[in-house]
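[1] structure, please.
(chains A, B, C and D, ligands or ions: 4)
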Amino acid sequence: MSNHAPIAPDASRSTAPVLAVRGLTKRYPGVLALDGMVLEVRPREVVGLIGENGAGKSTLLKSLVGLAQPDSGSIVVRGEEVRLRGVAHAASVGIGMVFQEQSLVPNISVAENILLGAEGAGVRGGLFRWHRMAELAQVQLDKIGSAVSPRARTDSLTFAQRQMVEVAKVLALEERTAHEPVVLLDEPTSVLEREEVETLFAQVRRLRERASVVFVSHRLDEVLEISDRVYVLRNGRVVAEVDPAEVDATDLHHLLVGRESTGSHYHDDAQQEPAGDVRLSVRELQTAGCDKVSFEIRSGEVLGVAGVQGSGREELCRALFGAMPGARGQVLLDGRPLRLDSPRAAVLAGVGYVPSERRTEGVVSSMSVTENLSMAHVGTVCRGPLIDGRRERELVDTWVRRLGIRTPSGDTAIGTLSGGNQQKVVLARWMVSEGLRLLILDHPTRGLDVGAKSEVYELIRELAASGCAVLLLSDTLEEALAMSHRVLVMKDGRITACLDAPRGGKPDPVAIMEAMV
Amino acid sequence: MAGDTTPHAPTRSLEPAPLADAPAPGAGGGNGDAPGTTSGRARATRSADVVQTRASLIALAVLVVVFAAISPQFRTVGNLQQIIDAAAVLAVLATGITFVLLLGAIDLSLPGVIGACAMTVSLLVANSRNTQDLGLLGIGLTILLGAGFGLLSGVLSTRLRIPTFMTTLGMSAIGLGIATILFAGVRPVVLDEGLGAWAAHRIGGFTVMSLLAVAAVALGWAIQRWTRIGRYAAAIGGAEDIVLLSGVPVARYKTLAFGVAGAFYGLGAVMLTARLGSGVVEAGAGTDFAAITAAVIGGTLLSGGRGGVLQSMIGVLALTVLANGLILTGVSPYVQQAVQGVIVVLAVAVATWPVRRRLGVVK
Amino acid sequence: GESSAEAEGEGSGSTGNCAPEDITLVGQVRNQTNPYEAAWLAGGDAFAESVGLEQQKLTYDGDSQQQQEQIRQVLASGDASCTVINALPNGDSDTTPIVNAADSADAWLVTQWNKPADLDPTEYERWIAHLTYDGVESGYQIAKALFEEMGGSGGVIALQGILDTAAAQDRFLGLQKALEEYPDIELLDDQTADFDRATALEVTRTLLTQHGDKVGGVWAANDDMALGAVQALEAAGVDGVAVAGIDAVPEALEAIADGSMTATVSSDGPWQGAVGLAMGYCAATGELDVASIDADDRAFFAEQFLITEDNVQEFSDPQLDMSEFDCDSLFSRATGPIAAS
Amino acid sequence: MTETAVETTGPGDDDGPASGAARRSRRDLALLVMPGAVLVLLLLALSTRNPDLLSPDSLLAIADSAAPLMVLAIGVTVVILCGGIDLSIAALAALSSVLFAMWIPLFGAAAAVPVIAVAALAGAVQGLVHVKAKVNSFIVTLGGLALWSGIALVISGARTVPVSDVDAIRWAFTTVAGLPSAVLIALGAVVVLGSVLRLTPAGRWVRAVGHAEQAARLAGIPVGAVKVAAFTTSGACAGLAGVLLVARTFSGAPSLGATLLLPAVAAVVVGGTAITGGFGGIGRTVIGALIVIVLRVGLSLIGVDAGFESIIYGVLIIGAVAVTIDRTKLDVLK
Ligand SMILES: Nc1ncnc2c1ncn2[C@@H]1O[C@H](COP(=O)(O)OP(=O)(O)OP(=O)(O)O)[C@@H](O)[C@H]1O
Ligand SMILES: Nc1ncnc2c1ncn2[C@@H]1O[C@H](COP(=O)(O)OP(=O)(O)OP(=O)(O)O)[C@@H](O)[C@H]1O
Ligand SMILES: [Mg+2]
Ligand SMILES: [Mg+2]
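    Ligands and ions are numbered 1, 2, ... in the order given. Modelled structure (predicted):
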């Protein structure tokens, strides 16, 4: 395999790469996750990685911190080939990673998390010196200008705060190694609100002053915005290396999916006016985090809910799904009252829910794709009380094909699928039921690649067309506007605005922003 | 496998908790104060700790009040001393087992370890069986032996990757075997003055033993709060795989935690022997469940990462008060056991009831 | 008998014809971790040695299931009809299955201590005998000794054994019997300490705080609890309280010698361990015809000895007198048939 | 569970699926063979000291001895799979033995039915307290342990209750076709419970709750109902075990079988079920129970002193787990 990076004239070409990956191959049962991957990272640059779900991005990064052992190929750090034994070893050569799934210990302090395993002066004579710990951690937090208190307990932080802490933790590498570190960021933005993304980018730009960064995201515009160079991955290999200055999102999209992007991203033209009558009517819904909320959804309608962190929109969703013990209020589904005390009851009434915390709440990661998919409506594959294996496999095959889920087999443990593919399974779980009347989507496209996203949008359109009501919490305002017939805006647990968003006549984002903050 | 880590899963529940502004429990890993900005659900998780601790405190308070109301003897200073003395051994054992429970592991080795240590110490200090008279040295050696047992449990669990339930259960059998061999049919009576004094001699109304116990608990608390063994134990219990990701030698610190626990069991065995006046093989019978129950009632969860030495002490006191109070209030011995069981559940349930929904997943 | 109906034909009968060397001697007790049962097994070893055999020692940690499993296994492996079992059933309920198992396998069986009242050895061909001690009597004797020590008046606290054992219940009856004879003695409280030393210690201390110096004596259903009580009294700095127990474990004897205990009752463990095997050995070799044993001796109370400071020296190191195990003097210690309680 | 899984038999078959057919078959094969192999090896090793151990009678005796333990163990397996623990099983079995003995005069052989029903009810109550009051299952069932044995003590007047009419329980201690009926009954329970867990959604619900309760709840699985059902099953099994115990002691007693708690849980773990929940199954527990019994009875017959016997037991039981458990299934060992 050629040991020089793909052609692309570039200013910093002269400087020797900090990190070079040569012909890396990694096979998982049924999947070739990495297939002769070749790329390099140069000093003080931000390298963007894009690729479909399952393209091998996470696997690559994991191999770079010794968490996945490549079957063949080599990793060269500052000219020396290394066989990384694990995170600690990778750290010792200056490579650190912020994981796609956050990895901080919840029940200890921020300072401990940042210095975990490398307390250095924080521990003297075997005894923790808390003030020193705080000081040392503060040094790292200052690097990224984070206001988080090093003494705070980690599980008391917001998601965004925790992410800052992770970056700070990675930066602690500097003191540990003589060299500038290489920081790997796996989809750091997928769960962030826009303004949080801005802060993160600010951090990344600072980082570039003292380190090299590898940045994975499915939001092409972000990648273009922050990267100096972008590698496009497909099926475990680099299919292109591009200069952000020379391309735009659509070109990337093309490179990415390898085919013309069909129709418009959001399938706007598929938006039909909701014909049906009121499907869900909510009167004075009262629960922790949102008080006296009232609204209606008609069947075939997509109702977007916009709002910032803590606006109470997530609590609203969970309450409607019976997952918010103590929720009160008059909720009618097709005129019949809906139990608010039991998810079970909600499901039986024809409600579906896709939670945002996919890994801990969406899937049972050690159970099979099949089991996860048929989990909610296992009745549909039962003959009498018994599960009909054949019927179940047919069902799964159908949906795996329909949503293009990349999995070796239905027996594969879902935890081993790429994030995006896990999400598709969760969606399928609800779609299998004919009786689905209301689908509650909490950040359904989080972590999905552009292709998958637009497939999901298509599915949402289809669902709506088929008369199902959809309650949609979006990653981005843009998404909410594009997909919804109406958009509710929530603030501090109350509805502050409700705008119509008919095809063609989408409201002005600015108006919504104002209502949100 | 990094992709599968579930950092906040253990402490996730569905509902924001008004309770969140309550301070984190002292030993619960909350060194210090929470920042202003906190997300609803994250807050609920932390307050679960507070809830647990508060619940057990209330339970203890309720027990004390009720018994004090019913029985005049319960209110006496003498009985307070008696309760403290009675709690001494359990307190030391519970302190030890807390380190194991923090890991999210379990330890059933107490009966064996205590049996072996009890026989050892009674044969090392001046006794009726042999001419040994090592005094304090003998006690020290015994505590080391306890630590040895703990380390062995730890090594077996981490190196062979066996559930601690099994390794410690086996270790218990091994310990009892050793104890039985040492016993050899003749029970060694302790003649050592110093050791005898632990149980008999009183300072300010409290036996030497109780004071030793208090010191031991304090030590245990310090270990938990200020040493890697303690802090890592909590972290490992919180999210073992992440700690591993951070390059901490998890296996080593797990093993060490077991070692610390073992040392406390050793001390507990010495105290029991001092109290019984001779080496008794079954001295540790039932202590495993007693210690675990105490810890759990106190809010040190079996799932790991939550609670701590101080919380466990609440449980120890609750159990001791209960046993003591039931006798003093003249409950018939035939139903005492049953009553005790019901009260334990009721106490925890009632104390938890108003906030049960904030507790999220309870195993 | 309903169960002897199950006995298979060959090898049965009330006399054996086993060659001495073919005989398997099995002694089964709860565990070897207390002096009493250790002494029992030692006695069994001594007898086995005297006839040139070895005793197979079984201990089941007070676990009824394990006891059953062991018995079943012993009988299922080896020539049962030349197997002699001298067993201490964990509780009354465990005797029936042991007897049935042994009976249907034609093994020679002697049981001690625990037996349901309705179960009668005379209905079986090879269940040679059940011997036990009159718990009421033991409880009564130590109670009297205790009350005398207290000068016939004052308050006592009672430490009961594991409540659902016949031993605990009978001994307590004995105490109550004695109480009737001593009107000035008041039973302040009775609690169970499960025959366990540590438990007894805690319970005693609590009772002391409750009844203070009203306590003049502690009646314990066995020596372990008595010794626990002695410890409790020392720890509480209380003296002048009389303590009595049952079993005559070495420590108790020392305690009696140095005056910290008043009385105990000896059942002579070594003898129990030996005599059971001796009976089986004699029957298996044919020297003893089970059918010809006097019915009163098939289920009898054995002689027990009250030990106080006057006679403690004689018991401090028990010697086995092998002549007691000649096939014709096996029942010399029988004091009469078990009174149906 | 998918058909591929249904076709495979033996321990591990009701586990979660593996990733990749190749790995799957190989590991399942190992899992299939390993526990059985351990069992055989143990028997052979012990028989070197006491050859009679391998005689048919002796082997049947072992199976017979295993019956009550096995029934207890499969019951608690379900609770453990849910991520909980049931410490009350042994005490509940004791209570059941007392009730059974007391009710035979009333119902004769049929007394088993109400007894098992009551035991199941007791289990259900514990389950409800655990689910509705959110009290840790360790605490709830520890309370249960004390309560049930207390009740048994009281209603039996702290005495053993003899069985008035032995014929009423003969069905539980005769031999059918040379096999002890107790063994057949235990196997019956195993088959029933095993197929419910494997062929109906119940099995995957239980495992889902054990793996990720929150995710299971949000997938609409009746978490509360599943947990309550698990404790009910465990209770019912305890009841059946109690009946079997009566059938071998011809009487019920408040402490009968009370010592079977740890051996039962040990059987589950030796079988390879994760004590943290989610992974494992009935098949594994059956082998586990046999291994535990062989250790318990086998060792006492090889004629070593009690002390050494205990030590060997400890070493062997650790060794047994070391080879039987499937570490790929225990993501975090606890
Ligand atoms: N531990 C594993 N076991 C088996 N297969 C795996 C494992 N980890 C990853 N895979 C497979 O390897 C392929 C690449 O996965 P990877 O997570 O690298 O994709 P990705 O590019 O990060 O996707 P996403 O954008 O959704 O995060 C996927 O098909 C995935 O199913
Ligand atoms: N997300 C949650 N967080 C905390 N407690 C919850 C949550 N969801 C439900 N609960 C409580 O946990 C218990 C079990 O919940 P769940 O609703 O799954 O079962 P259930 O409603 O009791 O029974 P069923 O599902 O058959 O209706 C109930 O008491 C419920 O109030
Ligand atoms: Mg990824
Ligand atoms: Mg429900």
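
[2] quick check: the closest residue to ligand 3 within chain A vs residue A:33, distance?
    At 3.1 Å from ligand 3, residue A:58 is the closest residue in chain A, using CB to the ion. C-betas here are computed from N, CA, C, even on glycine. Residue A:58 sits 9 Å away from residue A:33, taking CB to CB, to the nearest Å as the criterion.

[3] circling back: buried set for the one helix or strand the residue of chain A closest to ligand 3 maps to?
    Here residue A:58 is covered by helix A:57-64, with elements defined by DSSP states H and E. Using 16 or more other CB atoms under 10 Å in any protein chain shown as the test for burial, helix A:57-64 gives A:57, A:58, A:59, A:60, A:61, A:62, A:63, A:64.

[4] poorly predicted segments of the stretch 101-250 of chain B, please.
    Within the stretch 101-250 of chain B, not a single segment meets pLDDT under 70.

[5] am I right that residue B:89 is in contact with residue B:213?
    Yes. If you go by CB atoms under 8 Å, residue B:89 and residue B:213 touch, sitting 7.2 Å apart.

[6] excluding chain neighbours, what is closest to the residue most central in space within chain D?
    By CA atoms, centre = their mean, chain D has its centre lying nearest to residue D:73, at 0.9 Å. Sequence neighbours aside, residue D:267 is the residue nearest to residue D:73 in space, at 4.1 Å (criterion: CB to CB, 6 or more residues apart in numbering or on different chains).

[7] please read off the pLDDT at the one you found from the model.
    At residue D:267, the pLDDT value in this model is 94.

[8] what strand or helix carries it?
    helix D:261-271.

[9] so for the very next helix or strand once past that helix, what's the average pLDDT?
    Counting by DSSP H and E, the next helix or strand C-terminal to helix D:261-271 is helix D:282-293. When pLDDT is averaged over helix D:282-293, the result is 93.

[10] from the contact counts, what lies against helix D:282-293?
    Contacts defined by 3 or more CB pairs under 8 Å, 6 or more residues apart in numbering or on different chains; DSSP states H and E place helix D:282-293 against helix D:21-49, helix D:56-81, helix D:181-199, helix D:261-271, helix D:306-324.

[11] strands along the stretch 201-350 of chain B, start to end?
    B:202-203, B:206-207 (DSSP state E, counting those that start in this stretch).

[12] and the last one, how far out from the chain middle?
    Okay, so that is strand B:206-207. 21 Å (CA atoms, centre = their mean, to the nearest Å).

[13] for that strand, name the packing helices and strands.
    Applying 3+ CB pairs under 8 Å, 6+ apart, one finds that strand B:206-207 contacts helix B:77-102, helix B:193-200.

[14] who wins for proximity to ligand 4 among those helices?
    Per CB to the ion, nearest to ligand 4 of the helices and strands packed on strand B:206-207: helix B:77-102, 29.8 Å.

[15] can you tell if that closest one touches chain D?
    No. Using CB under 8 Å from any CB of the partner chain, helix B:77-102 never reaches chain D; the gap is at least 10.3 Å.

[16] what comes up buried for that helix?
    B:79, B:81-102.
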